[in-house]
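[1] how does the following fold in three dimensions:
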Amino acid sequence: MGTLIHILHLEDNPADRELIQVTLTDAGLDCRLTQVQTRDEFENALHNGTVDIILADYRLPMFDGMSALKMAQELQPEIPFVFVTGTLGEEVAIEALTQGATDYVLKHILSRLVPAVQRALQEARDRRERRQAQEALQRSNAMLQAIIEAAPVAIIGLDLDGCVHSVWNPAAEKMLGWNAQEVMGRPLPAIPVDRQEAFGRFRDRIRKGRPLDGVEVRLKRRDGTPIDYSIYASPLHNTQGAVCGNITVLVDITERKHAVVSIRKLSQVIEQSPVSIVITDAEGSIEFVNAKFTEITGYTPAEVLGQNPSILRSGETPVEVYRHLWETITAGGVWQGEFHNRKKNGGLFWEQATIAPVRDTDNVTTHYVAVKQDITEQKKLEAQLSQSRKMEAIGQLAGGVAHDFNNMLGVIIGHAEMALGESDLDDALHNSFEEILKAGLRSTDITRQLLAFARKQTIVPRILDLNETIEEMLKLLRRLIGEDIELAWLPGAKLWPLKMDPSQIDQILANLCVNARDAIAGVGKITIETHRVIFDDAYCAEHKGFSPGEYVMLAVSDNGSGMDKTTMDKIFEPFYTTKEIGRGTGLGLATVYGIVKQNVGFINVYSEPGHGSTFKLYLPRHTAMAAQQEPMTGTAPQALRGHETILVVEDETLHLRVVKLMLEKYGYQVLAASTPADALRFTKGHTGGIHLLLSDLIMPEMNGRDLADEIIDLYPNVRCLFMSGYTGNVTVQHGVLKEGIHFIQKPFAKLDLITKVRAVLDSEKKM
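    Next comes the predicted model:
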């Protein structure tokens with residue numbers, strides 16, 4: 001069963017003992033039998049030894065099984081007791097079970113022994129876990145009650161009618177002036193007559209289970225004194241999940257400047273809190289964490305109780321932050337700040353924390369309370385907003401510079417042309433003016449690119465077919481990239497129409513192909529592809545920067561040197577270039593960015609050093625001719641459901657989570673691994689079948705193809721489906737995949753993934 005089982009065996013026959021040992025061992029149970037024959041030996045073993053289960057003969061010369069059962073019930077009632085005997089009549093068997101025996105097995109029917117032992121051990125484990133859970137719940141309830149009673153803010157329980165119910169802590173009595181006996185079962189006091197309508201709306205919010213977060217109101221104390229409060233409220237649910245009331249917290253904001261911090265620290269101790277709460281003793285050992293802590297970090301209370309919060313450290317937060325934190329709270333102050341921590345599964349996350357001391361009646365610090373909120377998504381949005389604002393600012397500057405520069409270029413070019421028209425120029429001056437004119441004309445290309453990035457160039461949009469537009473340019477592109485580089489053109493079928501200036505398509509392709517050419521050392525390949533793509537709301541909610549709708553995708557891929565993350569973060573900024581001086585202005589990708597944004601599209605870039613790059617441009621479908629387009633067909637969602645087990649391997653945690661959710665929604669059993677090493681551990685320890693491996697192709701430890709070879713050794717019948725941000729054709733030319741292997745490109749919509757998975761599971765095995 002995976003762990004050593006300690007068996008106390010009451011048996012006087014060595015042959016029977018040996019037979020039972022062999023029976024258990026042959027069944028794969030790792031067990032150690034301690035044989036005893038007398039009462040003293042049996043009692044001593046119960047007192048001094050480790051015993052997981054008792055096997056006992058019914059009749060022995062110096063002791064009997066029923067006496068042993070009675071002794072075991074008195075000394076170790078939680079240890080399962082199984083009779084293993086030669087004969088046991090029905091009445092005796094019933095009596096033994098009535099007295100507390102778990103089961104009985106006849107020696108001539110030892111085939112029942114292993115199932116009986118396994119069942120008895122499982123039942124014992126279940127009983128132990130239930131007892132431990134109940135004890136933990138009692139401790140949690142006691143701690144919650146203690147916190148509510150000690151809280152310096154008013155905590156009030158209200159029923160669906162807005163009447164006080166079950167909770168009215170001492171702070172509520174002190175703040176408002178009414179004691180618990182006076183308010184129980186009655187509407188919340190301190191509501192002025194002229195605010196009854198507002199109270200009615202508050203009561204409606206309670207019934208609908210809507211929370212309140214820091215709504216400021218003016219109430220009155222019992223003595224009529226007006227005072228300003230912030231109200232925070234969280235709905236309460238009964239065991240059936242229905243709203244049965246709420247917990248309301250009142251914070252006196254006229255007396256406390258940091259009311260929001262305090263309210264979060266105290267009101268969110270309720271188990272339904274939207275933020276995590278950690279309570280430590282004065283030395284920093286964890287004594288309590290709530291459910292939200294487990295949800296965010298992956299650690300259960302049992303795993304962290306007694307530990308220091310430093311188990312979450314990732315090394316990303318400066319040591320000075322922790323030093324300042326400890327100095328602040330040990331001096332009696334409240335600390336606020338941010339941590340970049342690590343979850344149990346290794347993923348990083350950001351959290352904002354408020355940590356404060358809890359003092360007893362003697363003003364001695366006995367505990368520390370931390371209220372922490374996951375701000376990972378907020379950080380990502382802030383970074384995206386910062387990048388967007390930076391690009392907008394650069395765009396405005398670039399547009400202004402280009403506008404002014406164009407004016408000056410007009411003067412330069414005009415004067416150069418006029419000078420060249422003079423007949424009395426000598427050869428030297430004529431050549432000089434020709435060079436000035438050439439330089440001015442070349443500079444107009446730079447301003448044109450700046451204007452494209454700033455989205456201020458003059459365009460003449462028209463309805464076009466992207467495939468036809470690209471085909472007209474292929475001859476020029478082949479001359480542009482040279483003879484040593486192969487240009488592959490893979491047009492998608494039945495593309496939707498676009499409405500944009502065809503010259504913008506020319507600019508996009510020229511800039512992307514030149515960049516791809518420069519990234520290739522010697523012989524290589526550039527691939528241009530088109531497809532039509534649909535992104536739904538659910539997909540876009542998980543992929544920031546995507547917008548729902550129908551798009552035509554243009555992908556340009558190369559098998560060149562690729563880019564690291566630092567380079568990718570800057571590639572669309574004007575004048576940023578990794579090329580040597582004289583080989584680029586740094587405006588090519590900035591131009592592409594401006595054109596795509598001007599046409600309400602978006603760009604995704606996939607690249608890793610040594611694995612080339614893929615630029616995917618998504619341009620919105622022009623809908624004026626939508627009625628003439630042939631609708632896309634697909635399999636009904638119900639027919640795509642499955643029950644098979646799928647191993648998903650993806651080194652990007654968030655993508656791994658969304659793929660897992662997609663598959664589970666359609667009924668599949670999913671084993672999720674963030675590294676190839678984790679995937680191999682899962683498969684070696686997995687007792688059931690694995691029907692499909694869905695793996696990223698390019699990962700830090702091992703590529704997906706090599707991982708598939710390892711998995712196939714363990715599960716020869718497994719099917720394989722690979723995914724990558726690179727196009728399928730580029731992935732093939734890298735040598736990672738062979739032709740005919742199942743592949744899906746990132747990003748993909750949910751229906752695309754499920755359809756592909758179902759098709760692969762139903763196909764003939766190719767590996």
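
[2] got the buried residues for stretch 594-605?
    Residues 594-599, 601-604 are the ones in stretch 594-605 that count as buried (16 or more other CB atoms under 10 Å). No exception for glycine: its C-beta is placed from N, CA and C like everyone else's.

[3] start and end of it, how far apart?
    Start to finish, the residues bounding stretch 594-605 are 15 Å apart (CA to CA, to the nearest Å).

[4] any idea how far Asp30 is from Gln4?
    Careful, residue 4 is Leu; it's not Gln. For Leu4, the distance to Asp30 (CB to CB, to the nearest Å) stands at 5 Å.

[5] and Leu176, by the same measure?
    From Leu176 to Asp30 the distance is 64 Å (CB to CB).

[6] show me which of the two is the more surrounded one.
    Leu176 (23 against 11; other CB atoms under 10 Å).

[7] give the contact list for that one.
    Leu176 is in contact with 154, 189-190, 219, 221-222, 250, counting by CB atoms under 8 Å, 6 or more residues apart in numbering.

[8] with Leu10 instead?
    36-37, 42, 54-57, 60, 63, 65, 68.

[9] before we move on, back to that, just the buried ones from the contacts of Leu176?
    For the contacts of Leu176, buried by 16+ other CB under 10 Å: 154, 189-190, 219, 250.

[10] make JSON lines out of the residues you listed and add pLDDT and secondary structure.
    Formatted as JSON lines, the buried ones among the contacts of Leu176 follow (pLDDT from 0 to 100; DSSP: H, G, I helix; E, B strand; the rest coil):
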{"residue": "Ala154", "pLDDT": "86", "secondary structure": "strand"}
{"residue": "Pro189", "pLDDT": "76", "secondary structure": "coil"}
{"residue": "Ala190", "pLDDT": "65", "secondary structure": "coil"}
{"residue": "Leu219", "pLDDT": "74", "secondary structure": "strand"}
{"residue": "Leu250", "pLDDT": "83", "secondary structure": "strand"}
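
[11] redo those residues as JSON lines? Include distance to Lys570.
    Shown next, in JSON lines, are the buried ones among the contacts of Leu176 (distance: CB to CB, whole Å):
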{"residue": "Ala154", "distance to Lys570": "53"}
{"residue": "Pro189", "distance to Lys570": "61"}
{"residue": "Ala190", "distance to Lys570": "58"}
{"residue": "Leu219", "distance to Lys570": "54"}
{"residue": "Leu250", "distance to Lys570": "50"}
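
[12] out of those, which one sits closest to Ala146?
    Ala154 (16.6 Å; CB to CB).

[13] in this structure that closest one contacts Gly177, no?
    No. In this structure, Ala154 is not within contact of Gly177 by CB atoms under 8 Å, at 11.1 Å.

[14] now distance to Arg112 too, for the contacts of Leu176, in JSON lines please.
    Below are the contacts of Leu176 laid out as JSON lines (distance: CB to CB, whole Å):
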{"residue": "Ala154", "distance to Arg112": "62"}
{"residue": "Pro189", "distance to Arg112": "68"}
{"residue": "Ala190", "distance to Arg112": "69"}
{"residue": "Leu219", "distance to Arg112": "71"}
{"residue": "Arg221", "distance to Arg112": "73"}
{"residue": "Arg222", "distance to Arg112": "72"}
{"residue": "Leu250", "distance to Arg112": "64"}
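
[15] what is the nearest of the residues you listed to Asp427?
    Leu250 (92.1 Å).

[16] which ones among the contacts of Leu10 lie within helices?
    42, 65, 68 (DSSP state H).

[17] OK, contacts around the nearest residue to Leu10 once chain neighbours are set aside?
    Spatially, and ignoring its direct neighbours in sequence, Leu10 is nearest to Ala56 (3.9 Å; CB to CB, 6 or more residues apart in numbering). Shown in contact with Ala56 (CB under 8 Å, 6+ apart): 9-11, 65, 68-69, 81-85.

[18] what do Leu4 and Asp30 both touch?
    With CB under 8 Å, 6+ apart as the test, Leu4 and Asp30 reach no residue in common.

[19] which residue is nearest the centroid of this structure?
    The centroid of the chain falls nearest to Leu654 when counting by CA atoms, centre = their mean (4.2 Å).

[20] kindly indicate which of the contacts of Leu176 lies nearest Gly89.
    Ala154 (68.5 Å).

[21] which strand residues bridge that closest one?
    Counting by DSSP bridges, Ala154 forms beta bridges with Leu250.

[22] any figure for the gap between it and Val251?
    Distance from Ala154 to Val251, by CB to CB: 8 Å.

[23] again with Val600
    Distance from Val600 to Val251, by CB to CB: 46 Å.

[24] and if you look at Phe293?
    23 Å.

[25] and those two? Which one has more around it.
    Of the pair Phe293 and Val251, Val251 is the one with more neighbours under other CB under 10 Å, namely 27 against 23.

[26] wait, that one sits on Tyr229?
    Yes. Shown here, Val251 and Tyr229 form a contact pair, counting by CB under 8 Å, at 6.3 Å.

[27] pLDDT score for Ala172?
    Looking at Ala172, its pLDDT reads 85.

[28] so it versus Thr248, what's the distance?
    9 Å.

[29] overlap in contacts, the two.
    155-156.

[30] more neighbours: these two, which one.
    Ala172 (26 against 23).

[31] helix or strand next in line after the host helix or strand of that one, which one?
    Assigned by DSSP states H and E, Ala172 belongs to helix 170-176. Using DSSP H and E, the next helix or strand after helix 170-176 towards the C-terminus is helix 180-183.

[32] what packs against that next one?
    strand 164-168 (3 or more CB pairs under 8 Å, 6 or more residues apart in numbering; DSSP states H and E).

[33] what sits up against the strand it packs on?
    Contacts for strand 164-168 (CB under 8 Å, 6+ apart): 148, 155-159, 179-180, 183-188, 245, 247.

[34] same thing with stretch 461-480?
    Residues contacting stretch 461-480 (CB under 8 Å, 6+ apart): 487, 489, 491-492, 495, 497-502, 505-506, 509-510, 513-514, 517, 528, 530, 552, 554, 619, 622, 624-625.

[35] list the buried residues for that stretch?
    Per 16+ other CB under 10 Å, stretch 461-480 contains these buried residues: 464, 466-467, 469-470, 473, 477-478.

[36] thinking again about what came up before, okay, who's weakest in the contacts of strand 164-168 by pLDDT?
    Out of the contacts of strand 164-168, that is Leu188, at 74.

[37] which parts of the stretch 501-650 of the chain are strands?
    524-535, 549-558, 602-607, 613-620, 645-649 (DSSP state E, counting those that start in this stretch).

[38] which of the ones you listed has the lowest average pLDDT?
    Among those, strand 602-607 carries the lowest mean pLDDT, a mean of 90.

[39] got any ranges where the stretch 651-767 of the chain has weak pLDDT?
    725-740, 746-749, 765-767 (pLDDT under 70).

[40] at 90 instead, please
    Applying pLDDT under 90 to the stretch 651-767 of the chain picks out residues 651-662, 665, 681-689, 696-705, 714, 723-753, 762-767.
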